[in-house]
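1. Fold the following.
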Amino acid sequence: MKKLPLPAVLGLAVGAGLLALFVLGLIASGNQGRRPEVGKPAPEVTLTLYEGYRAGLPSTVTLASLRGKPVVLNFWASWCIPCRDEAPAFEAVWRKYRDRVVFLGANYLEVEAAALPYLAQNEITYANGFDLQQQVSRAYRITGVPETFFIDRDGVLRAIEIRPMSVADLEANLQALLK
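-> Coordinates of the predicted model:
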């Protein structure tokens, strides 16, 4: 039997190791649960809101406490360029529908020192909170930012948008929620 040269053995060992890590990653991601399904109850979460960004809501809100009004839940981060691009649309649509729909912004993995300047620079006035421990983002299985979830007045998830939203996009989703 012919011996393999050392570089070939090392290459095979590294390849096998990488394959094992890939398989373990797939197994681990499968254990995290499934993404919420449209037409099913939205995951129940609690979001702590930033001081000055509560829009008349208490400092901590749950989805259950918002039953009776549709909810637009948007995940964002200050470093996210598409989030910056969509921020004016969210603010404009919230101002138009604020009496009929609750808008909640969930800042993904940032401290207040990064999030609050972003909110101020973009003149955001709707409710926004932090998700430093990833409890909300894990419940919704987000894959990045921005992501937006449209929840009806009964707490049922009606749409998921994994892209930046325009005024027209937001209004189209809201019209479906307000029927």
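
2. Regarding stretch 162-171, how distant is the last residue from the first?
-> 16 Å (C-alpha to C-alpha, to the nearest Å).

3. ok, residues contacting it?
-> 72, 74, 82-83, 85-86, 89-90, 92-93, 143-144, 146-148, 161 (C-beta atoms under 8 Å, 6 or more residues apart in numbering). The way it works is simple: take the backbone N, C-alpha and C, and place the C-beta from them, glycine included.

4. residues contacting L174?
-> By C-beta under 8 Å, 6+ apart, the neighbours of L174 are 70, 72, 93, 97, 101, 150.

5. Could you give me the ChimeraX syntax to select whichever of the contacts of stretch 162-171 are buried?
-> A single ChimeraX command selects the buried members of the contacts of stretch 162-171 (16 or more other C-beta atoms under 10 Å):
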select :72,74,83,86,89,90,93,146,147,148,161
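
6. Show only the entries of the contacts of stretch 162-171 found in strands.
-> Applying DSSP state E to the contacts of stretch 162-171, the entries found in strands are 72, 74, 147-148, 161.

7. got the residues you listed as TSV, with distance to G105 columns?
-> Formatted as TSV, the ones in strands among the contacts of stretch 162-171 follow (distance: C-beta to C-beta, whole Å):
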residue	distance to G105
V72	9
N74	5
E147	12
T148	10
E161	14
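
8. would you say A120 is within a strand?
-> No. Counting by DSSP: H, G, I helix; E, B strand; the rest coil, one finds A120 to be helix, located in no strand.

9. Local confidence estimate at it?
-> The model reports A120 with a pLDDT of 98.

10. That one: how many residues sit nearby?
-> Applying other C-beta atoms under 10 Å, we find 11 residues neighbouring A120.

11. So in terms of bridging, what pairs with the residue nearest the centre of the chain?
-> Centroid check for the chain by C-alpha atoms, centre = their mean gives F75 as the closest residue, at 3.3 Å. When assigned by DSSP bridges, F75 has beta-bridge partners A106, E147.

12. wait, it sits on V145?
-> Yes. Proximity of F75 to V145 meets the contact threshold set by C-beta atoms under 8 Å, at 5.1 Å.
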